[in-house]
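S.K.: Here is the input, now give the coordinates:
(one chain, ligands or ions: 3)
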Amino acid sequence: MKVLKFGGTSVGSVDSIKAVIGIIENNLAKEERIAVVFSAMGGVTNRLIEIGKMAASGNKEYVSFLQVVEERHFAVVRALIPVKHQSSTFAAVRGLFNELGDILKGVSWIRELSDRTLDLIMSFGERLSTLVISEILMGKGVNSEFCDARHIIHTSDQFGMAEVDFAVTDHQILEHFAKSTALQCVTGFIASTTDGVTTTLGRGGSDYTASILAAALEAECIEIWTDVDGMMTADPRKVANAFTIPSISYAEAMELSHFGAKVIYPPSLQPAFAKNITLKVLNTFNVDFEGTYVQKTANGKDYAITGISSIDEIALVNIQGSGMIGVAGISGRVFTALSFHDISVILISQASSEHSICFSVDPKNAARAIEVLENEFSSEIELGHIDSVGVEKNLSIIAIVGEGMKQSSGVSGKLFSVLGKNGINVVATAQGSSELNISVVISKGDLSKALNAIHGVFFQSETRSLNLFLVGVGLIGGTLLEQIKNQTQYLREEKLLNLNLAGLTNTKKMLLDADGIKPEEWKARIDEEGVKTSLPAFVQRMIELNLPNSVFVDCTSDKDIVQYYHMLLDASISVVTPNKVANSGSYAEYLSLQRTALKRGVKFLYETNVGAGLPIINTMQGLMASGDKFLKIEAILSGTLSYLFNSFGQGVRFADVVREAKEKGFTEPDPREDLSGADVARKILILAREVGVPLEPEDITIAKILPENCLAAKTVDDFFDEMEKSDAYFAELAESAASEGKKLRYIASLDHGRAHVELKAVDANHPFYNLSGSDNIVSFTTERYKDRPLVIKGPGAGAEVTASGVFADIMSISSYLG
Ligand SMILES: NC(=O)c1ccc[n+]([C@@H]2O[C@H](COP(=O)([O-])OP(=O)(O)OC[C@H]3O[C@@H](n4cnc5c(N)ncnc54)[C@H](O)[C@@H]3O)[C@@H](O)[C@H]2O)c1
Ligand SMILES: N[C@@H](CCO)C(=O)O
Ligand code: NA
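M.R.: Ligands and ions are numbered 1, 2, ... in the order given. This is a model prediction of the structure:
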């Protein structure tokens, strides 16, 4: 025996009823013995309540509202019952509406709507839907019978939420089902007293009907047919990656639905649970989908938790005072007073200091809760033993639920760590000793971010997202987008990582889209949908979006952008950049960025500030963290200058090689920065700071490469003109080095806390002699690398290597976020 229950959406329209009939016929074809329970057509119960209230208030418009409800039922009859059988069904439906019309007329006369009358009015919803569907089945030749549950389920006269008399009910169900072999189409939700007065079963009433039947008939299974794919790991409207939980225990289902998962209402399934009857939650609109099995114990688990659920809005009430410490009975009084005033408490937390108790309630009860407690403790408040009672609003609760967390360590660690890494403050927390549920109270504005971030870490085999916001789509930014485009599939398939480009701006236009901008479409989309660029607006919008795992990527050389780094890091958004401006300003600024990132638990990464993609800064940070001491740094840090000195010589003009370097993407957007030595000076400054030497920009001495006329050039074009004029000067430089068998090298060094940059001619014995192309080289002499220095060498400029260094920083944030 199997009991099938179809909810309001499943019987809400002609098409959905067709699907329902198909499901029933399938089951009958398998020669399964089944019983079916129906809710009222979707929305009808609420409509009937409204109509009843209108009638009671003397509003005659209820008549036309009722006609609309009637027409919905007629439409189903017309569509699904063969014409020659329609008239008897129409007559029966009309008969019910006449009866309901009379009742409502009475209500409008006496202007009173008791709970008892309301139950009677509501009962028409299920009576109508079930009658019509049983007629449709009969029209299709199915041997079926309409069963008015008021004849078999008997209850107390607590209208609105009547209590079932199981002794009588079970007996009547068995007797009724023994009488006939026809398929029973049973009205959900409704029952009656032993005197035959109509009652209803309260929230989840039709599930309750199915459960009562299944328990009495000792069914193997109840199928709850609804409009979603079973119970999900999280609310799919809030978490796009949520997926169906294949198997869940009764206890877990209880916990999840207490915290807002509305697919089933477990208290109404208690009779079935008590008899270990399996429950399946299935989708009428996706018949072949497996759905969710709800059983006493769930089948093997793939994840540490089973699901996440939340209550969007709660208020947190806090009562505290030194007079509470060690005093018995305070919490008893708190909760007795609340229960006396019918205020339901959602979560309770008390720290072991006993100094305060906090609990959360529905916000609409918050003011009353305070009043109740201030009354209860008025004398303690007066004596100062209890401070006044406080309330905090605009909060949400998130609960992670699962039997898997019992006696397994690390679950709460993971929860709090992902919240921390996303800058989400936990206001209160509670975990019962059943270890089935850990609840956290957070700010309402962080709810969506928190749900997505938590879902990401606990359901890892589902793809996680990293949200990127890119500023500057020039050489490096553009190349980065190209690299991301080419890696998207690999990252998704192999690393289960979705790089979601959520925002993009160039100097003209900007575009933000939380759902992502495909890298291959960015140009077209920014053209069509972009709005005028405004960096403050971009940053503000990003912060407002409040997406989890957000990373700001600055691929400009903009000097003013840096002011936003603080704001971003402070909002727990990581920053990745090849732009050296932030780290080469004042030391105080450098330090404060480092501190802010640390404080907020996010990352500020800038590996490409020095040597492009070469692992220079990471290596230094690793050595520093592990306690090595830097004694000396010597380095060639300009890809552009390296290329120049490797390429120009006999017959090659200096200005032409600079042009080549620019074309190859080695130079700064303004090549004067490279040739003036400024770029190298910034880099050695950054390296000095990385090893704890607090230098300021003016502390670096820079030897000039260029003659005065070049340095004085006002524009980049003038600059090239001046270099052409200075050809003889450069030729002389190159020849004098070559004549001694030497090569020119622009070497930066840090020694005994002093940094300088100088132009040297080095011979073949010098370790920096053998370089080619845009090679950089750094040589670290440290306490651990004393006899032979640690050397890192390779191409230190260019679009591909720089963009891939930026990409690597982004990837390291993704692994940090887990
Ligand atoms: N080229 C290299 O080898 C290399 C290596 C390491 C680091 N870097 C650094 O990478 C950064 C980018 O270099 P690039 O070669 O791509 O420069 P680029 O001039 O090609 O690109 C920068 C882009 O940013 C845009 N931009 C500037 N300010 C902006 C703002 N406020 N809002 C939006 N867009 C803005 C510009 O219009 C330009 O399109 C620089 O900081 C550079 O120092 C470059
Ligand atoms: N312009 C820089 C790019 C790398 O920072 C260089 O030439 O080295
Ligand atoms: Na680097």
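S.K.: Show me the residue sitting in the middle of the protein in space.
M.R.: With the centre of the chain defined as its mean C-alpha position, the nearest residue by CA atoms, centre = their mean is N452, 1.6 Å away.
S.K.: Please name the nearest non-neighbouring residue to that residue.
M.R.: Spatially, and ignoring its direct neighbours in sequence, N452 is nearest to P548 (4.8 Å; CB to CB, 6 or more residues apart in numbering). Yep, even glycine has a C-beta here, placed from its N, CA and C like the rest.
S.K.: which SS class is that neighbour?
M.R.: Judged by DSSP: H, G, I helix; E, B strand; the rest coil, the three-state class of P548 is coil.
S.K.: which residues touch it?
M.R.: P548 sits next to N422, K449, A450, N452, A453, G456, S465, N467 when contact means CB atoms under 8 Å, 6 or more residues apart in numbering.
S.K.: Go through these and name the one nearest F340.
M.R.: Within the contacts of P548, proximity to F340 (CB to CB) peaks at A450, which comes in at 34.4 Å.
S.K.: That closest one looks like it's in a strand, true?
M.R.: No. The assignment for A450, made by three-state DSSP, is helix rather than a strand.
S.K.: of all the contacts of P548, which comes closest to ligand 1?
M.R.: Nearest to ligand 1 among these: N467, at 18.3 Å, using CB to the nearest ligand atom.
S.K.: quick one: the closest one and A502 touch, right?
M.R.: Yes. Between N467 and A502 there is a contact under CB atoms under 8 Å: 4.4 Å.
S.K.: list the residues that contact both of the two?
M.R.: When contacts are counted by CB under 8 Å, 6+ apart, N467 and A502 have A514, L547, S550 as shared neighbours.
S.K.: Surely the second one touches N467?
M.R.: Yes. Because the distance of 4.3 Å satisfies CB under 8 Å, L547 is recorded as touching N467.
S.K.: Find the residues that touch each one of these two.
M.R.: For the pair L547 and N467, residues contacting each of them under the criterion CB under 8 Å, 6+ apart are A502, A514.
S.K.: Surely L347 is within a strand?
M.R.: Yes. Checked against three-state DSSP, L347 lies within a strand.
S.K.: Could you tell me how far it is located from I314?
M.R.: Computed as CB to CB, to the nearest Å, the L347 to I314 distance reads 8 Å.
S.K.: hmm, the helix or strand where L466 lies in reach of ligand 1?
M.R.: If you go by DSSP states H and E, L466 is part of strand 464-471. Yes. Using CB under 6 Å from any ligand atom as the criterion, contacts between strand 464-471 and ligand 1 involve V471.
S.K.: Relative to that strand, what are the paired strands and their orientations?
M.R.: In the sheet, strand 464-471 lines up against strand 497-505 (parallel), strand 550-554 (parallel) (DSSP bridges).
S.K.: Give me the common contacts of L347 and I314.
M.R.: Counting by CB under 8 Å, 6+ apart, the contacts common to L347 and I314 are S360, I397, V441.
S.K.: Any residues of the stretch 401-550 of the chain in contact with ligand 1? List them.
M.R.: Looking at ligand 1, the residues of the stretch 401-550 of the chain close enough under CB under 6 Å from any ligand atom are V471, G472, V473, G474, L475, I476, G477, T505, N506, T507, T533, L535.
S.K.: Buried ones among those residues?
M.R.: V471, G472, V473, L475, I476, G477, T505, N506, T533, L535 (16 or more other CB atoms under 10 Å).
S.K.: Make sure the fifth one is actually in contact with V576.
M.R.: No. Counting by CB under 8 Å, V576 is not a contact partner of I476; they are 11.4 Å apart.
S.K.: The shared contacts of L347 and I314 in strands, which ones?
M.R.: When strands are assigned by DSSP state E, the members of those inside them are S360, I397, V441.
S.K.: Out of the residues you listed, which is nearest to ligand 2?
M.R.: Minimum separation from ligand 2 among these (CB to the nearest ligand atom) is found for V441, which lies at 46.5 Å.
S.K.: Domain parsing of the protein, as residue ranges.
M.R.: Here the domain parsing of the chain from automatic domain parsing is 2-42+127-227, 307-458, 464-605, 616-797.
S.K.: Those: which one's closest to ligand 3?
M.R.: Judged by CB to the ion, the one of the domains of the chain that comes nearest to ligand 3 is domain 616-797, at 4.4 Å.
S.K.: how distant is the closest one from the center of its chain?
M.R.: Counting by CA atoms, centre = their mean, to the nearest Å, domain 616-797 is centred 46 Å from the centre of its parent chain.
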